[in-house]
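**Q** sequence and predicted structure, then a few things I'm wondering about:
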Amino acid sequence: QVQLVESGGGLVQTGGSLRLSCAASGDTFSSYKLGWFRQTPEKAREFVAAATSSGISTYYADSVKGRFTISRDNTKNTGYLQMNSLKPEDTAVYYCAADSRYPSLLGRNHWDYNHWGLGTQVTVSS
C-alpha cells in the first residue's frame, strides 16, 4: 500500500506560481496512476489533473488547462503539480491521490483512487 504526503502549498498573489509535490512511500510508485484534486468548504472535492503510471498521458480540468501541469518522477517516487497564473478561485486544499487499478488509464473521478494524502493548503490572494 502506498502512502502519500503533499507539500509545497502556501500563500501566493494572483498571477503567481507554486509547485506542489506528492511524496510516495510503501510501494512501487510507478505502478500507480496519479491524480490531483482540490476542495474548499463550499464545494465538493474537485478533479484537477491526472497522469497515468508512466506519466506519458495526462488530463486536466478545463478550469486549470493551460495553467497547471501534472508530472511525476518515478525514480524519486514523487508526483508534482506545477501551478502558474494562479487565481483567487484556485484557493483550496489540494490532495494527491494514487491507485494501482488500471494504471495505464487516467482517473478523473475521486472513486478512481484508493489512496490519498492529507492535503496541502493553497491560498491565492487578490
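**A** Looks like it arrived, so ask away. These numbers come from a predicted model, not from an experiment. Residues are numbered from 1 along each chain as shown.

**Q** what about the strands in this protein?
**A** With strands called from DSSP state E, the chain shows them at 3-7, 10-13, 18-25, 33-40, 43-51, 58-60, 68-73, 78-83, 92-99, 115-116, 120-125.

**Q** which outside residues touch the second one?
**A** Taking CB atoms under 8 Å, 6 or more residues apart in numbering as the criterion, the residues outside strand 10-13 that touch it are 18, 86, 121-125. The way it works is simple: take the backbone N, C-alpha and C, and place the C-beta from them, glycine included.

**Q** hmm, 10 Å instead?
**A** Strand 10-13 is contacted by residues 16, 18, 20, 83, 86, 88, 90-91, 120-126 when judged by CB atoms under 10 Å, 6 or more residues apart in numbering.

**Q** ok, back up a step: right, so of the strands of the chain, which gets closest to residue 109?
**A** When these are compared for distance to residue 109 using CB to CB, the nearest one is strand 43-51, at 6.8 Å.

**Q** follow-up on the earlier one: now render the strands of the chain as TSV, adding mean pLDDT and distance to residue 108.
**A** Output for those, formatted as TSV (pLDDT from 0 to 100; distance: least, CB to CB, whole Å):
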stretch	mean pLDDT	distance to residue 108
strand 3-7	98	18
strand 10-13	98	26
strand 18-25	98	17
strand 33-40	98	8
strand 43-51	96	5
strand 58-60	98	6
strand 68-73	98	12
strand 78-83	98	15
strand 92-99	98	11
strand 115-116	98	15
strand 120-125	98	20
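
**Q** export those strands to JSON lines and tack on mean neighbour count and distance to residue 107?
**A** Shown next, in JSON lines, are the strands of the chain (neighbours: other CB atoms under 10 Å; distance: least, CB to CB, whole Å):
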{"stretch": "strand 3-7", "mean neighbour count": "17", "distance to residue 107": "14"}
{"stretch": "strand 10-13", "mean neighbour count": "13", "distance to residue 107": "26"}
{"stretch": "strand 18-25", "mean neighbour count": "19", "distance to residue 107": "14"}
{"stretch": "strand 33-40", "mean neighbour count": "23", "distance to residue 107": "5"}
{"stretch": "strand 43-51", "mean neighbour count": "18", "distance to residue 107": "5"}
{"stretch": "strand 58-60", "mean neighbour count": "16", "distance to residue 107": "9"}
{"stretch": "strand 68-73", "mean neighbour count": "19", "distance to residue 107": "12"}
{"stretch": "strand 78-83", "mean neighbour count": "23", "distance to residue 107": "13"}
{"stretch": "strand 92-99", "mean neighbour count": "24", "distance to residue 107": "6"}
{"stretch": "strand 115-116", "mean neighbour count": "18", "distance to residue 107": "11"}
{"stretch": "strand 120-125", "mean neighbour count": "16", "distance to residue 107": "20"}
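
**Q** right, I'll leave it there.
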